[in-house]
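Peer 1: here is my input; please provide its structure:
(one chain, ligands or ions: 2)
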Amino acid sequence: MSSSSSSNFTNPSTQQQTHLSLTFPKKPTSPSLHKPSFFTPITSSNSIHTKLVVSGGCKLSGHVNISGSKNSALAILAGTLCCSGTTKLCNIPNVSDIRTMTLVLRSLGVEVEVFNGEMIVNTDGICSVEPCDDAVGRFRAGFFVAGPLLARFGEAVIAMPGGCDIGARPIDIYVQGFRALGANVELRERKLYTHAANGKGLVAGRFRLDFPSVGATETLMMAASMADGVTVLSNVAQEPEVVDLARFLNDCGASVDGAGSNTLVINGRKKLHGPEFSVIPDRIEAGTFLIAAAITGSSFSMSPVIPSHLTSVIEKLSNAGCHIIQNEPNTLEIAAVPLETMQSLQSFNIKTGPFPQFPTDLQPQTMGLLTMCKGQSIVEELVFEGRMSHVRELQKLGACIRVCGSTAVINGKGQGSSLRGARVVANDLRSGAALVLAGLASEGITEIEGVTHIDRGYENLETKLFCLGADIVRKSSSLATQL
Ligand SMILES: CC(=O)N[C@H]1[C@@H](OP(=O)(O)OP(=O)(O)OC[C@H]2O[C@@H](n3ccc(=O)[nH]c3=O)[C@H](O)[C@@H]2O)O[C@H](CO)[C@@H](O)[C@@H]1O
Ligand SMILES: C=C(OP(=O)(O)O)C(=O)O
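Peer 2: Ligands and ions are numbered 1, 2, ... in the order given. This next block holds a predicted model:
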């Protein structure tokens with residue numbers, strides 16, 4: 001492996017030897033590849049102060065369109081690195097994490113064209129195996145590119161990932177998995193250096209994950225898709241996004257069996273080709289809107305949705321008193337009990353866990369709802385040890401919540417009492433969504449800061465809620481005005 005900052009690198013698709021620049025970035029080659037509507041620069045929160053201002057008490061109605069899955073699209077964009085030629089992706093959400101992934105890909109020399117929910121990716125000009133540190137450090141999925149780079153080019157150098165601050169989020173399972181596929185791995189100064197130990201490419205192996213990590217499953221699945229021989233990965237994640245990535249890889253010519261079960265059998269292929277592919281709808285966004293209906297006592301519909309991706313959530317909300325039905329394919333209608341009536345929603349308990357258990361990415365929003373249900377509930381966060389930052393903010397709205405470790409006990413207000421608006425801060429993506437929903441159900445005005453977290457994963461959240469009838473606006477001002 002090249003431990004220096006550069007090496008000679010032959011791009012196997014073009015057979016051209018390139019001086020591998022292990023420093024960012026290769027400049028994009030065609031100006032037409034930039035579409036400003038999508039590529040609004042990520043705003044520096046130092047210069048612009050943005051907040052969402054919600055005036056509570058409105059009922060929601062109508063229909064909301066659900067965007068493509070952020071987490072599925074991110075993994076699949078990493079997966080395009082396995083493919084020679086051009087890949088066309090559809091149903092890509094316009095969220096800042098996708099823009100960050102585009103920066104990661106471009107820093108490797110990939111051409112990316114973005115237009116109106118579609119992305120065209122061409123990897124033939126790849127000239128680096130070291131993505132831009134700054135971009136990788138902004139989100140979790142940046143790290144996923146290590147798998148395809150290692151598989152296709154035999155090496156990768158990658159900074160430690162960022163992502164929501166919800167726990168330690170180590171990378172030990174990725175490292176063990178790479179080693180099981182014949183890679184040498186070294187960690188130095190917060191960077192991972194890895195290369196195929198035989199100097200050629202990865203070899204198949206058998207590997208059991210200590211925990212069914214979504215990202216490690218996806219990264220190792222991509223790596224094994226181009227390893228020599230048949231790899232068996234066990235105790236893998238079964239999330240719909242993992243299944244979507246397997247479907248994508250198979251469309252590229254890979255052989256991935258067992259996606260959706262706890263074992264993957266992957267027959268490595270020497271070369272994969274980019275297909276045209278559409279990502280699944282975002283189950284977390286759909287779940288957030290289901291909870292928005294429940295917390296405001298409203299009725300509306302949403303599509304496209306794959307209801308089987310939301311079974312655990314639909315079951316909990318239905319038991320609490322919501323009516324959720326599917327009259328048309330890929331459409332859910334929810335009718336929630338008005339919270340001001342004597343039959344306000346009943347409290348319920350949740351324990352988060354790997355799919356098909358209750359999704360951790362809906363835990364904060366659900367806790368917001370539980371503060372309005374009748375009776376006591378218990379929320380156990382069993383995936384991320386630090387995913388409780390919303391509790392303090394919900395308390396500012398008047399919620400009655402006690403936390404002990406990973407467990408929260410919520411005494412719901414029920415029967416017509418409500419939270420009171422206040423200034424709150426989103427500390428991560430889903431806690432931001434939880435605060436928006438709580439604001440919709442609070443008396444008076446709630447101001448939510450930390451909006452850049454929300455923008456990482458929700459496409460036009462406030463516009464979608466506004467169109468359903470919510471009183472919500474985004475307010476931006478320069479910091480100078482604030483001071
Ligand atoms: C971009 C993306 O898809 N993010 C999702 C992905 O994150 P991500 O892939 O990071 O989540 P993981 O499934 O890996 O994490 C689950 C647990 O495993 C632990 N762990 C993980 C890897 C490892 O090497 N060692 C280790 O101990 C984590 O600290 C955590 O406690 O799945 C999470 C769980 O559904 C979701 O909340 C995130 O929205
Ligand atoms: C935790 C999330 O994202 P990430 O893994 O990128 O931090 C999320 O989408 O809720």
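Peer 1: show the average pLDDT along stretch 84-98.
Peer 2: When pLDDT is averaged along stretch 84-98, the result is 97.
Peer 1: dump that stretch to CSV, restricted to CA.
Peer 2: Only the C-alpha atoms of stretch 84-98 are listed here, as CSV (Å, rounded to 0.1, in the frame of the first residue of the first chain):
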residue,chain,number,x,y,z
SER,A,84,-17.4,1.0,-15.0
GLY,A,85,-19.1,3.5,-17.3
THR,A,86,-22.3,5.4,-16.6
THR,A,87,-24.9,4.8,-13.9
LYS,A,88,-28.3,6.6,-13.9
LEU,A,89,-30.0,7.0,-10.6
CYS,A,90,-33.6,8.2,-10.2
ASN,A,91,-35.7,9.3,-7.1
ILE,A,92,-32.7,10.9,-5.4
PRO,A,93,-33.7,13.2,-2.6
ASN,A,94,-32.5,16.8,-2.7
VAL,A,95,-30.9,16.9,0.7
SER,A,96,-27.5,18.1,1.8
ASP,A,97,-26.1,14.6,2.6
ILE,A,98,-26.5,13.7,-1.1
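Peer 1: residue contacts, the closest residue to residue 440 other than its chain neighbours?
Peer 2: Closest residue in space to residue 440, ignoring its immediate chain neighbours: residue 296 at 5.2 Å, by C-beta to C-beta, 6 or more residues apart in numbering. Any C-beta I mention is one placed from the backbone N, CA and C, and that applies to glycine too. For residue 296, the contacting residues are 58-60, 336, 339, 440-441, 470, by C-beta atoms under 8 Å, 6 or more residues apart in numbering.
Peer 1: among these, which are in helices?
Peer 2: Among the contacts of residue 296, the ones falling in helices (DSSP state H) are residue 440.
Peer 1: ok, so of the contacts of residue 296, who is nearest ligand 1?
Peer 2: Minimum distance to ligand 1 across the contacts of residue 296 is 22.8 Å, recorded for residue 440 (C-beta to the nearest ligand atom).
Peer 1: coming back round to it: may I have the predicted confidence score for the residue nearest to residue 440?
Peer 2: Per-residue confidence for residue 296 comes out at a pLDDT of 94.
Peer 1: may I ask which of the contacts of residue 296 comes out lowest in pLDDT?
Peer 2: In terms of pLDDT, the lowest of these is residue 339, showing 61.
Peer 1: how close does the residue in the stretch 101-250 of the chain that ligand 2 sits nearest to get to residue 62?
Peer 2: Of the stretch 101-250 of the chain, the residue with the smallest distance to ligand 2, taken as C-beta to the nearest ligand atom, is residue 163 at 3.0 Å. With distances defined as C-beta to C-beta, to the nearest Å, the gap from residue 163 to residue 62 amounts to 33 Å.
Peer 1: could you check which of the two has the larger neighbour count?
Peer 2: Higher neighbour count among residue 163 and residue 62: residue 163, with 19 against 12, using other C-beta atoms under 10 Å.
Peer 1: next up, the contacts around the more buried one.
Peer 2: For residue 163, the residues meeting the contact criterion (C-beta under 8 Å, 6+ apart) are 139-141, 169.
Peer 1: and if you look at residue 254?
Peer 2: Applying C-beta under 8 Å, 6+ apart as the definition, the contact partners of residue 254 turn out to be 82, 225-226, 266, 269, 272.
Peer 1: tell me the helix or strand right after the least confident helix or strand in the chain by mean pLDDT.
Peer 2: Ranked by mean pLDDT, DSSP states H and E, the helix or strand of the chain with the weakest confidence is strand 16-21, at a mean of 40. Tracing the chain C-terminally past strand 16-21 and defining elements by DSSP states H and E, one meets strand 48-55 next.
Peer 1: what packs against that next one?
Peer 2: Of the remaining helices and strands, those touching strand 48-55 by 3 or more C-beta pairs under 8 Å, 6 or more residues apart in numbering; DSSP states H and E are helix 429-440, strand 445-449, helix 451-457, strand 471-478, helix 479-482.
Peer 1: do that again at 6 Å, thanks
Peer 2: Using 3 or more C-beta pairs under 6 Å, 6 or more residues apart in numbering; DSSP states H and E as the contact criterion, the neighbours of strand 48-55 among helices and strands are strand 445-449, strand 471-478.
Peer 1: relative to helix 429-440, how tilted is the lengthiest helix in the chain?
Peer 2: Ranked by residue count under DSSP H, the longest helix found in the chain is helix 283-296. On the basis of axes from the mean of the first three to the mean of the last three C-alpha atoms, to 10 degrees, helix 283-296 is oriented at 20 degrees to helix 429-440.
Peer 1: which parts of helix 283-296 are buried?
Peer 2: In terms of neighbour count (16 or more other C-beta atoms under 10 Å), helix 283-296 has its buried residues at 283-296.
Peer 1: what's the first helix or strand after it?
Peer 2: Following the chain from helix 283-296 toward its C-terminal end, the next helix or strand by DSSP H and E is strand 299-303.
Peer 1: ligand 1 contacts on the stretch 1-150 of the chain?
Peer 2: Taking C-beta under 6 Å from any ligand atom as the criterion, the neighbours of ligand 1 within the stretch 1-150 of the chain are 71, 74, 140-141.
Peer 1: again, only this time at 8 Å
Peer 2: Counting by C-beta under 8 Å from any ligand atom, the residues of the stretch 1-150 of the chain lying close to ligand 1 are 70-71, 74-75, 97, 139-141, 144.
Peer 1: need the strands for the stretch 1-150 of the chain, in chain order.
Peer 2: Remark: strands assigned in the stretch 1-150 of the chain by DSSP state E, counting those that start in this stretch are 6-11, 16-21, 48-55, 63-65, 83-84, 86-90, 111-115, 118-122.
Peer 1: out of those strands, which one sits most buried?
Peer 2: strand 83-84 (a mean of 23; mean count of other C-beta atoms under 10 Å).
Peer 1: what about the residue in the stretch 1-150 of the chain that ligand 1 sits nearest to, how many neighbours?
Peer 2: Here the stretch 1-150 of the chain gets closest to ligand 1 at one residue, residue 71, 3.5 Å apart by C-beta to the nearest ligand atom. If you count neighbours by other C-beta under 10 Å, residue 71 ends up with 26.
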